[in-house]
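Chemist: I need the structure of the sequence given here:
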Amino acid sequence: MTPSFDTDLLQELTETSGVPGYEDRIREIVRRELDPEVDRLRTDSMGNVVGTIEGASDTEVVVAAHMDEIGFMVRHVTEDGFVQVDALGGWDARVLKAQRVTVHTEEEDITGVIGSPPPHTLDEEQLEADPEVEDIHIDLGLDGETAQERVSRGDLVTLEQTTELVGDTVTGKALDDRVCLFTILEAAQRIEDPEVTIHFAATVQEEVGIRGAQALGVDLDPDLAIALDVTVANDVPGFEPADHVTELGEGTAIKLKDSSVITSPKVNRRLEDVADDLGIEYQIEVLPAGGTDTAGLQRFGGATPVGALSIPTRYLHTVTESAHVEDIEATIDLLAAFLDTESPSQDYTL
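Modeler: This is a model prediction of the structure:
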């Protein structure tokens, strides 16, 4: 399946590195892409980027997706030249063995590997042990003195992976949440002369506690907020249908709840109505665990009606995150249509 969207931009976003608090490289791409599409562009002191299209009324809508990806910070370089790290975001250490990484220093990017000893050299206890991030050692292929000269405590580490089209899916690292960041950039291109003022926000530090969105919820005073993030698609062997949450190829997901938020029923109904009117495929998301920027926008600046769109994604928080091309297209279509038809007359009070 050939995507109808800009795969080059999506690839650039997903392959570029940017861990929580250090989203600089992603921020520059966002500013570059938003600048020609908006009336005003600003960056706050935390690093959130907000591009604003002025509407014909005083009603304001915030649309947000986060820029950061999970990664690591260097905490120690051993005398033998191995790098030990501290996690930035939620990692399952089981997926880290035998992965290639990039260590981002002030001067350069250095490739390293997280090795995995041959299984036939391990005893039964070692084979059955659950790995922890604290146990990881990154091999730079350098002697200890050289490694300590080139890598310092506080340097950043991301997993190294390309983004590819695999069948009908886009697969790679950091689709969480760059595919949704891409969605709001694509939607911004479609908006002309809206009735409401729209703030397109690229937020920081979501993976460590929705911190950027919380700050943004105080700085802005929106009448409505829509957050976009990926969501679980456990439609793979080993899971019962009730535990799939969403399924690839069934459309964008309209979130009803996760562990951090219950979205507004009125906003949900309008999202569904817009999708039904335009024949956009969608599914309903009920996520048992996990949180998104939606919660940060809902209550930290006062009570705000919120909705959320999610892109179903398999294998979250790994380097093989996978989203269906048609679900990405449906999310772009629904977000753009929703914003294009939003008006001051919409009443979301309960």
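
Chemist: Just the buried positions in the helix or strand hosting residue 277, please.
Modeler: Taking DSSP states H and E as the criterion, residue 277 maps to helix 265-278. For helix 265-278, the neighbour count (16 or more other C-beta atoms under 10 Å) marks 266, 267, 268, 270, 271, 274, 275 as buried. All C-beta atoms are positioned from the backbone trio N, CA, C, and that covers glycine.

Chemist: what's the helix or strand following it packed up against?
Modeler: Remark: after helix 265-278, the chain's next helix or strand is strand 282-286, criterion DSSP H and E. Here strand 282-286 touches strand 252-257, helix 265-278, going by 3 or more C-beta pairs under 8 Å, 6 or more residues apart in numbering; DSSP states H and E.

Chemist: what residues does the shortest one touch?
Modeler: In this case it means strand 252-257. 231, 246, 261-263, 268, 271-272, 275, 280-287, 292, 294, 307-312, 327, 330-331, 334 (C-beta atoms under 8 Å, 6 or more residues apart in numbering).

Chemist: Quick one, which of these are buried?
Modeler: Looks like these have 231, 246, 261, 263, 268, 271, 275, 280, 282-283, 285, 287, 292, 294, 307-312, 327, 330-331, 334 buried, using 16+ other C-beta under 10 Å.

Chemist: can you pull the pLDDT of the closest residue to residue 315 other than its chain neighbours?
Modeler: Excluding the flanking residues, the one nearest residue 315 by C-beta to C-beta, 6 or more residues apart in numbering is residue 321, at 5.5 Å. Per-residue confidence (pLDDT) for residue 321: 97.

Chemist: what's near enough to touch residue 321?
Modeler: Contacts of residue 321 by C-beta under 8 Å, 6+ apart are 171, 172, 173, 174, 175, 176, 230, 313, 314, 315.

Chemist: Got the phi and psi for the second one?
Modeler: Backbone dihedrals for residue 172, given as degrees, to the nearest 10, come out at phi 170, psi -170.

Chemist: Wait, it touches residue 159, no?
Modeler: No. In this structure, residue 172 is not within contact of residue 159 by C-beta atoms under 8 Å, at 10.1 Å.

Chemist: Need the residues touching each of these two.
Modeler: With C-beta under 8 Å, 6+ apart, residue 172 and residue 159 have common neighbours residue 319.

Chemist: Now do the same for residue 188: helix, strand or coil?
Modeler: When classified by DSSP: H, G, I helix; E, B strand; the rest coil, residue 188 comes out as helix.

Chemist: and the closest residue to it other than its chain neighbours, how many neighbours?
Modeler: Nearest residue to residue 188 in three dimensions, chain neighbours excluded: residue 37, at 4.4 Å (C-beta to C-beta, 6+ apart). Look at residue 37: counted by other C-beta atoms under 10 Å, it has 18 neighbours.

Chemist: ok, residue 37 - contacts?
Modeler: For residue 37, the contact set (C-beta under 8 Å, 6+ apart) comprises 51, 53, 185, 188, 189, 191.

Chemist: need the contact list for the second one.
Modeler: The reference is to residue 53. 37, 38, 39, 188, 191, 194, 197, 198, 200.

Chemist: got it, and residue 272?
Modeler: So residue 272 contacts 254, 282 (C-beta under 8 Å, 6+ apart).

Chemist: Show me which parts of stretch 29-41 are buried, residue by residue.
Modeler: 29, 30, 33, 34, 37, 38, 41.

Chemist: and it, average pLDDT?
Modeler: Stretch 29-41 comes out at a mean pLDDT of 98.

Chemist: try stretch 68-75
Modeler: Stretch 68-75 comes out at a mean pLDDT of 97.

Chemist: if we can go back for a sec, out of the buried residues of helix 265-278, flag the one nearest to residue 224.
Modeler: Nearest to residue 224 among those: residue 267, at 7.0 Å, using C-beta to C-beta.

Chemist: OK, contacts around that closest one?
Modeler: 224, 226, 305, 306, 307, 348.

Chemist: Now, these that are in strands?
Modeler: Members of the contacts of residue 267 lying in strands (criterion: DSSP state E): 224, 226, 306, 307.

Chemist: where in this protein is pLDDT low?
Modeler: 116-129 (pLDDT under 70).

Chemist: which residues of this structure fall in helices?
Modeler: All helices of the chain, identified by DSSP state H, fall at 7-15, 24-34, 124-128, 144-150, 175-190, 211-219, 265-278, 293-299, 325-341.
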